[in-house]
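Peer 1: how does the following fold in three dimensions:
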Amino acid sequence: MAITTFAAIYIGSYEVSLKIFELSGKKKIREIDHIRTRLELGRDTFHSGVIGADLVEELCLILADFAKIMQGYKAKEYRAFAGNVVGEAKNMLFILDQIKTKTGLDIATLSNSERRFLTYKGVAARPGFNKMTKDSAAVIDVGGGSLQITLFVDGRVVTTQHLAIGTMRLMEMLSDIEHNVLHLENQLEELVDKELAVFLAQYMQPGEEIKNVILMGDYISEIMRRISKNNEEMNVVEAQKFISFLQKLDKKSVEEISEILNLSNDKDILVLPSVILYAKLTQAMHAQTIWFPDVDTSDGIAYDYAESHKIVHSPHDFEEDILSAAKNMSMRYMSYSQHIDALTEMASLLFDAMKKVHGMGKRERLLLKVAAMLHDCGKYISLANSAICAYQIIRATEIIGLKHLEREMVASIVLYNSSPLDPYEELADRMDQHSYLVVAKLAAILRVANAMDRSHRQKFKNVKAVLKNKQLVITIETTSDIALEKGLLAAKADAFESIFGLKPVIKEKRVYL
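Peer 2: A predicted model of the protein is given here:
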């Protein structure tokens, strides 16, 4: 069996890491080396918005060493990413150019949603993930700049929320009082409590409990090892035992915590916000069990590469996560109804009938379904301006599994479902030409599907759609008067025809009771 040596590089808020993996034809991913170097880029980005020249130079030296290590392992395949710490820096383009010039490495930046999803994919591939999320669970990913919480109920995603209270960002917010550890600890707790209170009020009912917490972040392995001692199942622990241990730690100094956890750096100030965050998060969820899957972004990068090259196959349905999140979001904004189900089914049917002419695939079909589910959510804010309100809601809401660009596309599909399509020049700062064409096509399909159920009464059954000559013939059975639907479809036919070269027409089969 052929073995591929693969390298994953990730540049985070306070650490640059390299992991070397063996990817085998036996559908296995095996980590063979892990190099981590501390570099607190976040102190510059979160404070001034610019990463200083000295730090950039140090970053290039670290990456040059990584490139040599990769050569030593003969790792010809690699993926290298930087998180928001570089992506949010005003000098991002210059940083990436210097890295390329000095090391030869191509670094891509990841949006928050992209980075979190990579990590999530690595976790979901672990044995036991589907069992852990079968009832109720919270997947919590704590980073330097932020943390992300994905809630599961009955095995389905309810919501994903991004909170700007990462360990380094918290420390940067309180940098002026960092010298007073006791005061610092109290201030950290107040900040965390404030952010969590908003999340809990919106997404958890009083007395509601989350059975399992799946926790990712630094120092957790050391914490779990200290709690479990010689227990082989050190990645699973009772929540109360976990919380009690953390509560004892958060009253101690950084040096004392470092000694208890046997950390190599006994002055690592980030251990304190980590301990506080983990304790507060698990307490807030009222969890029974804590699971540490021992996965980070680099593992997700390797898994994503292996999956895209058909070396492994995911046991988890990520598309279902997206659809479940979209449905719950629709319900949250009181727009979910039978009309949503009918529209989603109709839009999918038209998409499938037009495969020969639209040139789109499974991913675009998924985006169309998400747009259909969310197209009415803006009415929660304004009936008169629902399209633009829906656009803003969708753009601002994390949907686990959708990239930032895809979320922009879904929001635009919803906007242009009821508004005239703007020329590409006005949208060039939001999407490329290919994405614009996809938005135009899917919005046109959604408009036709929406016209077919404009009354929200689901008048049709046994709907079929076929291409015939230069027409999209939609055959329906009905017992109702469909003059409204015919009129609205005719009104939208010109725009549809200009995009696809097809005219949509209804062929009616009258059913008599």
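Peer 1: show me where the stretch 151-300 of the chain has its strands.
Peer 2: 156-163, 212-216, 236-238, 289-291 (DSSP state E, counting those that start in this stretch).
Peer 1: quickly run through the sheet partners of the first one, with directions.
Peer 2: Sheet pairing for strand 156-163, assigned by DSSP bridges, gives strand 147-153 (antiparallel).
Peer 1: show me the contact partners of the partner strand.
Peer 2: 112, 116, 120, 133, 135-141, 157-163, 165-166, 199, 203, 210, 217, 277, 281, 398, 400 (C-beta atoms under 8 Å, 6 or more residues apart in numbering). All C-beta spots, glycine's among them, are computed from the backbone N, C-alpha and C.
Peer 1: so how far is that strand from its chain's centroid?
Peer 2: 10 Å (C-alpha atoms, centre = their mean, to the nearest Å).
Peer 1: relative to A387, how far out is C377?
Peer 2: 10 Å (C-beta to C-beta, to the nearest Å).
Peer 1: with neighbour numbers in mind, choose between these two.
Peer 2: C377 (26 against 19; other C-beta atoms under 10 Å).
Peer 1: pLDDT score for that one?
Peer 2: pLDDT recorded at C377 is 95.
Peer 1: ok, it touching M329?
Peer 2: Yes. Using C-beta atoms under 8 Å, C377 is in contact with M329, at 6.7 Å.
Peer 1: show me where the stretch 1-150 of the chain dips below the pLDDT cut-off.
Peer 2: 1, 25-27 (pLDDT under 70).
Peer 1: among the contacts of strand 147-153, which ones are buried?
Peer 2: Among these, the ones that count as buried by 16 or more other C-beta atoms under 10 Å are 112, 116, 120, 133, 136-141, 157-160, 163, 165-166, 199, 203, 210, 217, 277, 281, 398, 400.
Peer 1: of those, which belong to helices?
Peer 2: N112, R116, Y120, F199, Y203, L277, L281 (DSSP state H).
Peer 1: now do the fourth one against P273, distance only.
Peer 2: Okay, so that is F199. 17 Å.
Peer 1: give me the low-pLDDT residue ranges for the stretch 151-300 of the chain?
Peer 2: 175-184, 229-234.
Peer 1: returning to that earlier point: reformat the strands of the stretch 151-300 of the chain as a markdown table; add distance to I506.
Peer 2: As requested, these are exported to a markdown table (distance: least, C-beta to C-beta, whole Å):
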| stretch | distance to I506 |
| --- | --- |
| strand 156-163 | 35 |
| strand 212-216 | 49 |
| strand 236-238 | 57 |
| strand 289-291 | 53 |
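Peer 1: closest one to R226 among the ones you listed?
Peer 2: strand 236-238 (10.4 Å; C-beta to C-beta).
Peer 1: helices or strands next to that closest one in the packing?
Peer 2: helix 220-228, strand 289-291 (3 or more C-beta pairs under 8 Å, 6 or more residues apart in numbering; DSSP states H and E).
Peer 1: quick check: which of those is buried the most?
Peer 2: strand 289-291 (a mean of 23; mean count of other C-beta atoms under 10 Å).
Peer 1: what segments of the stretch 351-500 of the chain are strands?
Peer 2: Under DSSP E, counting those that start in this stretch, the stretch 351-500 of the chain gives strands at 460-468, 471-478.
Peer 1: now do the longest one: distance to the chain's middle.
Peer 2: Between the centre of strand 460-468 and the centre of its host chain there is 35 Å, according to C-alpha atoms, centre = their mean.
Peer 1: contacting residues around it?
Peer 2: Strand 460-468 is contacted from outside by 346, 349-350, 352-354, 356-357, 452-453, 472-478, 482, 502, 509, 511, using C-beta under 8 Å, 6+ apart.
Peer 1: OK, contacts around V357?
Peer 2: So, once contact is read as C-beta under 8 Å, 6+ apart, V357 ends up touching L467, F500, G501, L502.
Peer 1: measure the last one to A495 for me?
Peer 2: When distances are taken as C-beta to C-beta, L502 and A495 turn out to be 12 Å apart.
Peer 1: what about those two, which has more around it?
Peer 2: L502 (20 against 17).
Peer 1: I figured that one hits F496, correct?
Peer 2: Yes. With contact defined as C-beta under 8 Å, L502 counts as touching F496 (6.9 Å).
Peer 1: find residues that contact each of these two.
Peer 2: L472.
Peer 1: can you give me the helices in the stretch 1-150 of the chain?
Peer 2: Counting by DSSP state H, counting those that start in this stretch, the stretch 1-150 of the chain has helices at residues 42-48, 53-72, 84-87, 92-103, 112-124, 129-132.
Peer 1: go on, the stretch 301-450 of the chain?
Peer 2: Going by DSSP H, counting those that start in this stretch, the stretch 301-450 of the chain shows helices at 318-332, 338-353, 355-358, 362-374, 386-396, 404-418, 433-451.
Peer 1: how distant is the third one from the center of its chain?
Peer 2: This means helix 355-358. With C-alpha atoms, centre = their mean, you get 29 Å for helix 355-358.
Peer 1: closest one to V410 among the helices of the stretch 1-150 of the chain?
Peer 2: So among the helices of the stretch 1-150 of the chain, helix 112-124 is nearest, using C-beta to C-beta, at 12.2 Å.
Peer 1: okay, angle between that closest one and helix 318-332 too, please.
Peer 2: 120 degrees (axes from the mean of the first three to the mean of the last three C-alpha atoms, to 10 degrees).
Peer 1: output the contacting helices and strands for helix 112-124.
Peer 2: Using 3+ C-beta pairs under 8 Å, 6+ apart: helix 112-124 touches strand 136-142, strand 147-153, strand 156-163, strand 212-216, helix 297-308, helix 404-418.
Peer 1: and the contacts of the shortest one?
Peer 2: By that I understand strand 212-216. 119, 123, 129, 132-133, 135-142, 239, 278, 281-282, 285, 287-293, 295-296.
Peer 1: ok, now with 7 Å
Peer 2: 119, 123, 132, 137-142, 239, 278, 282, 285, 287-293, 295-296 (C-beta atoms under 7 Å, 6 or more residues apart in numbering).
Peer 1: kindly report the same for the longest one.
Peer 2: Residues from elsewhere that reach helix 404-418 (C-beta under 7 Å, 6+ apart): 111, 113-114, 367, 370-371, 374-375, 387-388, 390-391, 394-395, 399, 430-431, 435, 438-439, 442-443, 446-447, 450.
Peer 1: centre of the chain to stretch 264-274, how far?
Peer 2: 28 Å.
Peer 1: got the end-to-end distance for stretch 145-157?
Peer 2: This stretch, stretch 145-157, spans 24 Å end to end (C-alpha to C-alpha, to the nearest Å).
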